[in-house]
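Trainee: Got a sequence here, can you model it:
(one chain, ligands or ions: 1)
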Amino acid sequence: MSLKKINPIKTKSWNKLKAHFNEIENKEIKNLLSSRSNPSSFSLEWNDFNIDISKNRVDNTTLNLLIDLAKECKLDDAIFKQFNGGIINETEKREVLHTAIRTDGNEKINVDGQNVIPSILETRSKIESFTNDVISGNIKGYNNKPFTDVVNIGIGGSDLGPVMVVEGLKYYSSRLKPHFVSNVDGDHVLEIIKDLNPETTLFVIVSKTFTTQETISNANTIKDWLVSKLNDSAVSKHFAAVSTNLTEIKKFGINPKMVFSMNDWVGGRFSLWSSVGLSISLAIGYDNFNKLLTGANKMDKHFQKTEFKNNIPVVLALLSIWYNNFFKCETEAVIPYTQYLNRLPAYLQQAIMESNGKSIDRNGNPVDYQTGNIIWGDTGTNSQHAFFQLIHQGTKLIPCDFIGFKKPLFKENTQHDKLMSNFFAQTEALMMGKSEKAVVEELIKMGLDESDVNSLKAYKVFEGNRPTNTLLIDQLSPESLGSLIAMYEHKIFVQGVIWNIYSYDQWGVELGKQLASKVLQEIENKKISNHDSSTNSLLKSYLSN
Ligand code: F6P
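Mentor: Residues are numbered from 1 along each chain as shown. Coordinates of the predicted model:
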């Protein structure tokens, strides 16, 4: 059950989209919007999600052709294979089953002839009892004191997912205080532990491979610190570990009761739903962690069962392809209008760019079309006061996802309407712009004379016609966040399928790692081998310190 290998640009629909692009390219969103006879097709309602795609440079023909493209690229076949354990990560010969780990328990998924659901549920119940025991104080530290703090030690998918969710769901916190150590920068780990009490801190080492330089270095630094403050035998009480590499976990000295396994058919950047989410469960309590999984599972079902034209991840993926491959947009911005989701853009950068940053297709040939988008963003309204100038008046076309919530979390919050008025105003402004006529009228009203009006007006004009998707959700909750993350995961998958690339490997991170270990040896031996002249002189300068 491998993915089909269809070159998207050789399809009929791609060619039709190319011709259609010439018709749409210069059309204004505001005119497209007002001329639509079926506005409801541009709004996707699902559970507590209201997704408005009407502020896009598309008409009915565009959407229909994009859906034809998905069909021609056999997206339905790919979805079936992903959910049913097909080896769709072919270069690593693996299934891709992050969707299975958020199962509602009612399905059966075979890997190597064995149903994996029972073992998934077993791991989940181990996470549940461990979480409950740590929060209740049943599990204690070396000096018999309950834990107050939890430090997640991991990087990439073993950090970004957990930290984004823990930050995103801070409102739902348990009594434990979470911390995250990721960078191999020793100052990062020392800064985090400097104020921690070793007697009451639990460390969770998260590494799928348990060989990642950053994570193992940080874990060893912390282990030395803990032993120096307490005792050798404190290690088995203060460290838990999540990994597929049970041999290395044992060598580190982790108590087998504190070991949480994971499967190699879950990719790092898609693993927050697995035991990699242990820190999430500890930080927000197991019930909330479980609701996160429920939300993701609901989105999985929507994605699997909904016809493409109403399928949220499919439609968002197709729009992104439209801008990436036809309008030649290089980047996409994600702007959540809640401070809680401030790590969402960073999380999506790994999820999207590590997955679809590929240039060899599934036939082994270099692609001659654009693949992965560059993702960036920050929270609204902060980003309005930072980079929005470029989105409104710069030379680049940057499609944006605006994510907002109808209700705030705190009952006492009296500022929500202000936040949301910015949310609605920005997408309207990006679409409508401001004409020269309106600018001139405004300047005259302000009392400027004719020459000032003439010299200023061009700077104050907004072209508009900037596309946005608006994702309006009832409230930020474990369940809605679970659905939102799963939505982006499926969007990544759809784009990878259509671009005919492998989204679930990441060979591109290897070269830098290999070179770094060689350079480290040279630095330690103070003996520089033959690099290029630039690297040689930089290394000499570093060693002369
Ligand atoms: O950066 C490469 C990568 O392999 C990511 O895909 C992964 O999330 C991260 O490193 C961490 O890997 P591990 O969980 O094995 O430590």
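
Trainee: So which residues on the protein come close to the ligand?
Mentor: On the criterion Cβ under 6 Å from any ligand atom, the ligand has as its neighbours in the chain the residues 155-158, 207-209, 212, 215, 268-269, 354, 506, 509. C-beta coordinates here come from the backbone N, C-alpha and C atoms, glycine included.

Trainee: Of the residues you listed, which is the most crowded?
Mentor: Of the residues of the chain next to the ligand, residue 158 is surrounded by the most neighbours, 30 neighbours in total, counting by other Cβ atoms under 10 Å.

Trainee: Contacts only, for it.
Mentor: Residues in contact with residue 158, defined by Cβ atoms under 8 Å, 6 or more residues apart in numbering, are 152, 206, 207, 208, 212, 215, 242, 268, 271, 276.

Trainee: Show me those that map onto strands.
Mentor: Among the contacts of residue 158, DSSP state E puts 152, 206, 242 in strands.

Trainee: my read: the last one touches residue 203, true?
Mentor: It refers to residue 242. No: contact between residue 242 and residue 203 fails when scored by Cβ atoms under 8 Å: they sit 11.5 Å apart.

Trainee: if I pick the residue in the stretch 1-150 of the chain that the ligand sits nearest to, what's in contact with it?
Mentor: With Cβ to the nearest ligand atom, the shortest gap between the stretch 1-150 of the chain and the ligand falls at residue 92, namely 11.0 Å. Shown in contact with residue 92 (Cβ under 8 Å, 6+ apart): 504, 505.

Trainee: Please repeat the previous calculation with a cut-off of 6 Å.
Mentor: Residues counted as contacts of residue 92 (Cβ atoms under 6 Å, 6 or more residues apart in numbering) are residue 505.

Trainee: Could you do residue 504 as well?
Mentor: Taking Cβ under 6 Å, 6+ apart as the criterion, residue 504 is in contact with 89, 96, 267.

Trainee: List the buried residues for stretch 155-174?
Mentor: Of the residues in stretch 155-174, those buried under the neighbour-count criterion (16 or more other Cβ atoms under 10 Å) are 155-169, 172, 174.

Trainee: what's the offset of it from the middle of its chain?
Mentor: Relative to the centre of its chain, stretch 155-174 is centred 12 Å away, using Cα atoms, centre = their mean, to the nearest Å.

Trainee: can you check stretch 509-525 too?
Mentor: Computed by Cα atoms, centre = their mean, the separation of stretch 509-525 from the middle of its chain amounts to 28 Å.

Trainee: closest to residue 143 among the ones in strands among the contacts of residue 158?
Mentor: Nearest to residue 143, judged by Cβ to Cβ, of the ones in strands among the contacts of residue 158 is residue 152 at 22.4 Å.

Trainee: my guess is the closest one meets residue 164, correct?
Mentor: No: the criterion here is Cβ atoms under 6 Å, and residue 152 misses it with residue 164 at 11.7 Å.

Trainee: okay, residue 284: pLDDT?
Mentor: As summarised for this prediction, residue 284 has a pLDDT of 98.

Trainee: How about the contacts made by it?
Mentor: Here residue 284 is in contact with 169, 172 (Cβ under 6 Å, 6+ apart).

Trainee: per-domain residue ranges of the protein.
Mentor: The chain breaks down by automatic domain parsing into domains covering 8-72+306-384+397-408+420-433+465-505, 100-289, 508-543.

Trainee: Can you tell me which residue sits nearest the middle of this protein?
Mentor: The residue lying closest to the centre of the chain (Cα atoms, centre = their mean) is residue 348, at 2.4 Å.

Trainee: in what helix or strand does it lie?
Mentor: helix 344-348 (DSSP states H and E).

Trainee: Need the pLDDT of the spatially closest residue to residue 117 that is not a sequence neighbour.
Mentor: Setting aside the residues directly before and after it, residue 117 is nearest to residue 103 in space (Cβ to Cβ, 6 or more residues apart in numbering), at 5.6 Å. As predicted, residue 103 sits at a pLDDT of 96.

Trainee: picking up where we left off before, which one of the contacts of residue 504 is nearest residue 500?
Mentor: When these are ranked by distance to residue 500 (Cβ to Cβ), residue 89 comes first, at 14.7 Å.

Trainee: contacts for the host helix or strand of residue 510?
Mentor: Mapping residue 510 onto the secondary structure by DSSP H and E places it in helix 510-524. Helix 510-524 is touched from outside by 528, 529, with contacts defined as Cβ under 6 Å, 6+ apart.

Trainee: Please tell me how far the helix or strand following it is from the chain's geometric centre.
Mentor: Next along the chain after helix 510-524, taking DSSP H and E as the criterion, comes helix 533-543. Averaging C-alpha coordinates over helix 533-543 and over its chain gives two centres that are 36 Å apart (Cα atoms, centre = their mean).
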